[in-house]
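In: Pasting the sequence and the predicted model now:
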Protein chains: 2
Amino acid sequence: MQTVTATAMMQKRALRWRRQGLPVALVPTMGFLHPGHLSLIERARREAGRRGLVVVSIYVNPTQFGPREDFNRYPRDLKRDLRLCRQAGADFVFAPSNAEMYAGGGSGEESSTSVVEESVTIGMEGDSRPTHFRGVATVVAKLFHLVLPTVAVFGEKDYQQAALIRRMVRDLFFPLEVLVAPTRREPDGLAMSSRNVYLSETQRREAAVLFRALERTRARVADRPVSAPKLKSQVKAFIEGTTSGRLDYAEFFDSETLRPVRMVRPGARMALAVFFGKTRLIDNGPL
Amino acid sequence: MQTVTATAMMQKRALRWRRQGLPVALVPTMGFLHPGHLSLIERARREAGRRGLVVVSIYVNPTQFGPREDFNRYPRDLKRDLRLCRQAGADFVFAPSNAEMYAGGGSGEESSTSVVEESVTIGMEGDSRPTHFRGVATVVAKLFHLVLPTVAVFGEKDYQQAALIRRMVRDLFFPLEVLVAPTRREPDGLAMSSRNVYLSETQRREAAVLFRALERTRARVADRPVSAPKLKSQVKAFIEGTTSGRLDYAEFFDSETLRPVRMVRPGARMALAVFFGKTRLIDNGPL
């Protein structure tokens, strides 16, 4: 496995792979890898096949964090990540520096171009984190041009992000396929996330409530439709009544368009975000 | 020469060219070609060489026109354009439909992703045409992904547009080179433009005033620096005193960063926009 940090070197390799007609599967990450990431890398390995290449990018992208968010304290452990990438079957790790990704080739004129999406990023994370998806779309566009993947693998835990990437690829005609792989969960149902390390022991125990809220809601709508506001207040009462968590949002929407649904039926999707202290966790699932 | 209208077919070809390692030179146009465009195609022909391919895109992009602008009456003549492309050495013409470029693969969910640039597009055309550059950046990103050029050729007449494309390519790491070719002019100095056909006989005669204003200003600053506001009022007086034209803007700026300069010296650049009736002409040049 090779590690590349320079953008020019990464793109030079990528252009060679394109000329050789090799499948290239990219897994974009912010590092501090957990089994959820590793399952994406394994999926990428299967997609790339024996001839193809699996590239994992590790980059804590500053532009997708809000000014009061956890960019500085976001957990990092490159050495451990590299070992895990190798074990999971990656061929390349691309770990660029901020200077390289946003400094405009050292011209003194910083990066001033962004990608924005204005349909699937409305609501939910887009409301709670106003500049988040602009940062995500922009950095993923950069990564796509540097790695030139034939396929890119994203996790379903960040459902709205996955929808954004699919939409961006479709709208701008990026020549690649987007795959979305299922959320990996702890035994109690908590979705795996690098941010779970922020949780205290008590919060960690309580955090399974997101998954339980999804299951309860699924059972709740199985027999007959329920209105979204009604479900939302039930979810809020359940979470805030049984744990120290504070509901940021619970939304019910069409899985394709991400438009809110008023009467929630099986087939709709639910997403929620819950604060435990300063730590914000998200989850989602089909109903 | 072949003509392609389907985006999927265009990209399939482009991916094959990439695998074959062929140079591909793209000239994006809105059609109604004039000798300025033809010189871009000839430049692309030289860049692509004998092995390489020259692709001309012809597409009147709706998103770069403002609601009160000339999208509907913009001149179109595809048959003539195809003949001129062939004569100038193009191998492919890509002439997509609106439905294809913005309809999201016919999913019913229209294109909702844009590319925005927030440094070189500030001021000048960016002020006079607020949504223009967002439309330009977005459609050019689409074209780049569909044609996958190794080099793209733009005209210097649209100086701010060329700066935007260079910046977008640099910031998002598009794997291609941007070339900017000199403005072609009529014998009296008027910059060639598809919009020149809108001019009445009198306006056409008067329109050379943009070029003359550039030349006068160049002579004016040759000896000693002059402040931008002073130059601007002289340009306005010259244009509005000698023709029926109305000055939209005259700006003086650094050729690289496009930031305004206060004291104008040789080496700075000037751009201006002038209305003749409803027709708006632009030009620019080094001082």
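Out: Nice, I can see it. Numbering: from 1, shown residues only, chains lettered A, B, ... in the order given.
In: buried sites along stretch A:203-216?
Out: A:203-204, A:206-214 (16 or more other CB atoms under 10 Å in any protein chain shown). Heads up, the C-betas are built off the backbone N, CA and C, glycines and all.
In: as a whole number, average confidence for that stretch?
Out: Stretch A:203-216 shows a mean pLDDT of 98.
In: List of residues touching it?
Out: Stretch A:203-216 is contacted from outside by A:185-186, A:188-191, A:196, A:199, A:234-235, A:238-239, A:242-245, A:250, A:270, A:272, A:274, A:276-277, A:279, A:281-285, using CB atoms under 8 Å, 6 or more residues apart in numbering or on different chains.
In: Quick one: buried ones out of the residues you listed?
Out: Counted by 16+ other CB under 10 Å, the contacts of stretch A:203-216 give A:185-186, A:190-191, A:196, A:199, A:234-235, A:238-239, A:243, A:245, A:250, A:270, A:272, A:274, A:276, A:279, A:281-285 as buried.
In: What residues sit buried inside the worst-scoring helix or strand of chain A on mean pLDDT?
Out: For chain A, counting by mean pLDDT, DSSP states H and E, helix A:98-102 ranks last in confidence among helices and strands (a mean of 87). Of the residues in helix A:98-102, A:100-102 count as buried by neighbour count, 16+ other CB under 10 Å.
In: Would you mind giving the residues you listed as a markdown table with distance to chain B added?
Out: Below are those laid out as a markdown table (distance: CB to the nearest CB, whole Å):
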| residue | distance to chain B |
| --- | --- |
| A:100 | 10 |
| A:101 | 9 |
| A:102 | 8 |
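In: Test my guess that residue A:279 contacts residue A:198.
Out: Yes - in this structure, residue A:279 is within contact of residue A:198 by CB atoms under 8 Å, at 4.2 Å.
In: about what we covered before: need the buried residues of stretch A:203-216 in TSV with secondary structure and distance to residue B:107, can you?
Out: Below are those laid out as TSV (DSSP: H, G, I helix; E, B strand; the rest coil; distance: CB to CB, whole Å):
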residue	secondary structure	distance to residue B:107
A:203	helix	41
A:204	helix	41
A:206	helix	40
A:207	coil	36
A:208	coil	36
A:209	helix	36
A:210	helix	31
A:211	helix	31
A:212	helix	34
A:213	helix	31
A:214	helix	27
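In: out of these, who's nearest chain B?
Out: For those, the minimum distance to chain B (CB to the nearest CB) is 25.4 Å, reached by residue A:214.
In: Please report how far the closest one lies from residue B:100.
Out: 39 Å (CB to CB, to the nearest Å).
In: likewise residue A:249?
Out: 36 Å.
In: One more: residue A:227?
Out: Residue A:227 is 39 Å from residue B:100, by CB to CB.
In: how about the residues of chain A near chain B?
Out: With the criterion set to CB under 8 Å from any CB of the partner chain, chain A comes near chain B through A:7, A:11, A:14-15, A:18-19, A:21, A:104-105, A:107, A:109, A:111-120, A:137-138, A:141-142, A:145-146, A:148, A:167-168, A:170-175, A:256-257.
In: List buried members of the residues you listed by neighbour count.
Out: Using 16+ other CB under 10 Å, the buried members of the residues of chain A next to chain B are A:7, A:11, A:14, A:18, A:104, A:109, A:111-117, A:119-120, A:137-138, A:141-142, A:145-146, A:148, A:167-168, A:170-175.
In: rewinding a little: so which of the buried ones among the contacts of stretch A:203-216 are in strands?
Out: A:250, A:270, A:272, A:274, A:276, A:279, A:281-285 (DSSP state E).
In: Reformat these as JSON lines; add pLDDT.
Out: Below are those laid out as JSON lines (pLDDT from 0 to 100):
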{"residue": "A:250", "pLDDT": "98"}
{"residue": "A:270", "pLDDT": "98"}
{"residue": "A:272", "pLDDT": "98"}
{"residue": "A:274", "pLDDT": "98"}
{"residue": "A:276", "pLDDT": "97"}
{"residue": "A:279", "pLDDT": "95"}
{"residue": "A:281", "pLDDT": "97"}
{"residue": "A:282", "pLDDT": "97"}
{"residue": "A:283", "pLDDT": "98"}
{"residue": "A:284", "pLDDT": "98"}
{"residue": "A:285", "pLDDT": "98"}
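In: Considering those, which is situated nearest to chain B?
Out: Nearest to chain B among these is residue A:284, at 19.5 Å by CB to the nearest CB.
In: Enumerate the beta-bridge partners assigned to the residue nearest to that closest one when sequence neighbours are not counted.
Out: Counting by CB to CB, 6 or more residues apart in numbering or on different chains, residue A:284 lies nearest to residue A:271, which is 3.7 Å off, once chain neighbours are set aside. As for beta bridges, residue A:271 partners with residue A:251, residue A:284 under DSSP bridges.
In: Which residue ranges of the stretch 101-250 of chain A form helices?
Out: A:125-128, A:132-147, A:159-172, A:201-206, A:209-223, A:228-242 (DSSP state H, counting those that start in this stretch).
In: Including distance to residue A:27, could those go into a markdown table?
Out: Shown next, in a markdown table, are the helices of the stretch 101-250 of chain A (distance: least, CB to CB, whole Å):
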| stretch | distance to residue A:27 |
| --- | --- |
| helix A:125-128 | 20 |
| helix A:132-147 | 10 |
| helix A:159-172 | 12 |
| helix A:201-206 | 26 |
| helix A:209-223 | 24 |
| helix A:228-242 | 31 |
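In: Can you check which of the ones you listed gets nearest to residue A:73?
Out: The closest of the helices of the stretch 101-250 of chain A to residue A:73 is helix A:201-206. By CB to CB, the value is 15.9 Å.
In: With just CA atoms, put the closest one into CSV.
Out: The C-alpha trace of helix A:201-206 is given here as CSV (Å, rounded to 0.1, in the frame of the first residue of the first chain):
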residue,chain,number,x,y,z
GLU,A,201,-19.9,6.2,29.5
THR,A,202,-23.4,7.2,30.4
GLN,A,203,-24.0,9.0,27.1
ARG,A,204,-22.6,6.0,25.2
ARG,A,205,-25.2,3.8,26.9
GLU,A,206,-28.0,6.3,26.2
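In: so what's residue A:69 up against?
Out: Counting by CB under 8 Å, 6+ apart, residue A:69 makes contact with residue A:129.
In: mind checking how far it is from residue B:77?
Out: Counting by CB to CB, the gap between residue A:69 and residue B:77 amounts to 53 Å.
In: Over to residue A:261?
Out: Taking CB to CB, one finds residue A:261 at 48 Å from residue B:77.
In: follow-up on the earlier one: and the helices of the stretch 101-250 of chain A, which one averages the lowest pLDDT?
Out: Looking at those, the bottom one is helix A:125-128 with a mean of 92.
In: by contact count, what packs against it?
Out: Helices and strands touching helix A:125-128, by 3 or more CB pairs under 8 Å, 6 or more residues apart in numbering or on different chains; DSSP states H and E, are helix A:132-147, helix A:159-172, strand A:246-253.
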